[in-house]
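Peer 1: Provide a 3D model corresponding to the input given below.
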Amino acid sequence: MRRVLAAALVLTGLVVAPAPASAAGYAGLCTGPDALTGTTIVIDFQELDGNGGVAAPTITRCSPNATPGTDRSGIKALQDAGIAVAGTTRWGLGFVCRLEGRPSATENLPVTGNPTYKEACFTTPPASAYWGYWHANGAGSTWTYSSYGALNRTVVPGGFEGWSFSLNKSATTNPAPGVTPTNPAVSANNPAVGLSVNDLDRKITLGQTTSLTWTSTNATAVTASSVSPATGGGSWSGSLATPGGTQNVTPTATGVYTYIISATGNGVTVYSSATLTVQ
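Peer 2: Residues are numbered from 1 along each chain as shown. Okay, here's the model as predicted:
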């Protein structure tokens, strides 16, 4: 049975997070400057719609990225969209138990063999009644069931994150969200860029030098946009070679640094990032 797997088993306590967004989420697909940096969230309540007397029409909201180029987890994207998300007492947000308060603790979920089941969100929701997690890159029209939990998955800028309630379904009949995950701003001709730190554990000791490697497609210009925090991470700014290359960085202070790269082409700009820990 496909489930939203726990990414961090050390979390404890029921986590309920209506998530404040630095850049407020809004109804509908991501548009304008958010079209290729934000992620569209779709929540399809399926059989929960109207169950317990509470109507629950499908939600489609843009989750803007306040800092384009920085990675966000599926949980962070939900929060940035302004969606209330609750985990479980045992696993925290490693398992998503409720979205926008559904299923509530008092409504009956007519699971096979137990028609009055109620979800307490103490431990993993049953395979017969849980939130299925889906994603899409925005370039096509179909959803893919996620093999990672939302706490441990990085969302795709310009893409879609989908949540669809699965009631008495199997691994092959879990319903995908009922919204076509197509982003008109995403094109096969758009640029793409990736950045990585050339240390397996992405950690170095202060005084050491490491390197950043980037690759790009359909890009007419690639730029080392910024590093956060702005000081201590070494030199990372200015134009870079296309389609790819490697550049050394020598941090001057301990800390966790995020390096952001941008690529421009076909009239749009996309971003990527990589994180380095300096001990």
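
Peer 1: Walk me through the domains of the protein.
Peer 2: The chain breaks down by automatic domain parsing into domains covering 16-167, 192-278.

Peer 1: Now tabulate these in a markdown table and tack on mean neighbour count and mean pLDDT.
Peer 2: (Each C-beta comes from the backbone N, C-alpha and C, glycine too.) As requested, these are exported to a markdown table (neighbours: other C-beta atoms under 10 Å; pLDDT from 0 to 100):
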| stretch | mean neighbour count | mean pLDDT |
| --- | --- | --- |
| domain 16-167 | 19 | 91 |
| domain 192-278 | 17 | 92 |
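
Peer 1: Out of the ones you listed, which is closest to N183?
Peer 2: Across the domains of the chain, N183 has its closest neighbour in domain 16-167 (3.4 Å, C-beta to C-beta).

Peer 1: gap between the closest one and the chain center?
Peer 2: Here the centre of mass of C-alpha atoms in domain 16-167, compared against the chain's by C-alpha atoms, centre = their mean, to the nearest Å, lies 10 Å away.

Peer 1: So which of the domains of the chain is nearest T182?
Peer 2: Using C-beta to C-beta, the domains of the chain put domain 16-167 closest to T182, at 5.1 Å.

Peer 1: Check the spacing between P110 and W163 real quick.
Peer 2: Distance, P110 to W163, using C-beta to C-beta, to the nearest Å: 20 Å.

Peer 1: rewinding a little: kindly reformat the domains of the chain as JSON lines containing distance to T182.
Peer 2: Converted to JSON lines, these look like this (distance: least, C-beta to C-beta, whole Å):
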{"stretch": "domain 16-167", "distance to T182": "5"}
{"stretch": "domain 192-278", "distance to T182": "16"}
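
Peer 1: Mind checking those domains for the one nearest to A185?
Peer 2: domain 16-167 (3.8 Å).

Peer 1: tell me which strands and helices the host helix or strand of V227 is in contact with?
Peer 2: Mapping V227 onto the secondary structure by DSSP states H and E places it in strand 221-228. Packing contacts for strand 221-228, counted by 3 or more C-beta pairs under 8 Å, 6 or more residues apart in numbering; DSSP states H and E, involve strand 238-240, strand 255-265.

Peer 1: can you list the ones you listed in TSV and add distance to I59?
Peer 2: Below are the helices and strands packed on strand 221-228 laid out as TSV (distance: least, C-beta to C-beta, whole Å):
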stretch	distance to I59
strand 238-240	39
strand 255-265	30
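
Peer 1: So for E100, which of the ones you listed sits nearest?
Peer 2: strand 255-265 (30.8 Å).

Peer 1: What about this protein, which residue is the most distant from its middle?
Peer 2: Ranking residues of the chain by C-alpha distance from their mean position (C-alpha atoms, centre = their mean) puts G113 at the top, at 34.7 Å.

Peer 1: so who does it touch?
Peer 2: Not one residue lies near G113 by C-beta atoms under 8 Å, 6 or more residues apart in numbering.

Peer 1: can you map out the helices along the stretch 151-279 of the chain?
Peer 2: For the stretch 151-279 of the chain, helices defined by DSSP state H, counting those that start in this stretch do not occur.

Peer 1: how about the strands of it, start to end?
Peer 2: All strands of the stretch 151-279 of the chain, identified by DSSP state E, counting those that start in this stretch, fall at 160-167, 192-197, 203-204, 210-217, 221-228, 238-240, 244-249, 255-265, 268-278.
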